[in-house]
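**Q** sequence first, then the predicted structure:
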Amino acid sequence: MDAKTAWPDRVTIDGMVYKARVDAGDGLVSLPCPSEPQVSVGDVITQTVGRREASLEVLEVDFQPNGSLGIGTVHRHLLVLTVEPTTSQAHTQPPGASSAKAPPVARPPKASPVASTQAAPASTLKLAELVDRIARSSDTEAKAMLLALLDNASVSAIVGPVTALGMRALLRT
């Protein structure tokens, strides 16, 4: 696989242009790099598409040493960013919409057995936001369930051991 097929996109981070693979559907940007670029959560990076540019806000940063495996690049390391497009937000938000986070939603009463067999509505709630909301609540059952989930080796591997450790610490306080 050559560089044009492995890393077809261009992103700009802190004034530096990088070859990358942007998967807009999953909100992921992967880029090989010689060392960890200076990017953190909340930063806005730019994807160049022809003569147009799209702004992407960084939601999560995952630096993987030797993660590129040298496929289509001489750089061994891989930076994977979870991003959200910000270019279209001005067009999609209703007038007067605030960018502040919505207040926590009150917990609904326990569902009856009949209601629990129905599919739950789709949610865009991120795991970190769920952990934060549960940590601030007084629901010990939910905290215990989330701790058990984060203690699972498969979940910890997917979330990342450092992230899972931080989430467990937040739930225990």
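**A** Perfect, thanks for sending it. Note that this is a predicted model, so its numbers are computed, not measured.

**Q** how many other residues sit next to residue 60?
**A** Residues lying near residue 60 (other Cβ atoms under 10 Å) number 15. C-beta: built from backbone N, CA, C; applies to glycine.

**Q** OK, contacts around it?
**A** 41, 81-82 (Cβ atoms under 8 Å, 6 or more residues apart in numbering).

**Q** quick one: it from residue 46, how far?
**A** 18 Å (Cβ to Cβ, to the nearest Å).

**Q** which among the contacts of residue 60 end up buried?
**A** Using 16 or more other Cβ atoms under 10 Å as the burial test, those include 81-82 as buried.

**Q** per the record, what domains does this protein have?
**A** 3-88, 123-172 (automatic domain parsing).

**Q** with mean pLDDT added, can I get those domains in a markdown table?
**A** Below are those laid out as a markdown table (pLDDT from 0 to 100):
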| stretch | mean pLDDT |
| --- | --- |
| domain 3-88 | 81 |
| domain 123-172 | 81 |
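
**Q** pick the one among the contacts of residue 60 closest to residue 172.
**A** Of all these, residue 41 has the smallest distance to residue 172: 22.5 Å, by Cβ to Cβ.

**Q** the closest one against residue 82, yeah?
**A** No: contact between residue 41 and residue 82 fails when scored by Cβ atoms under 8 Å: they sit 9.1 Å apart.
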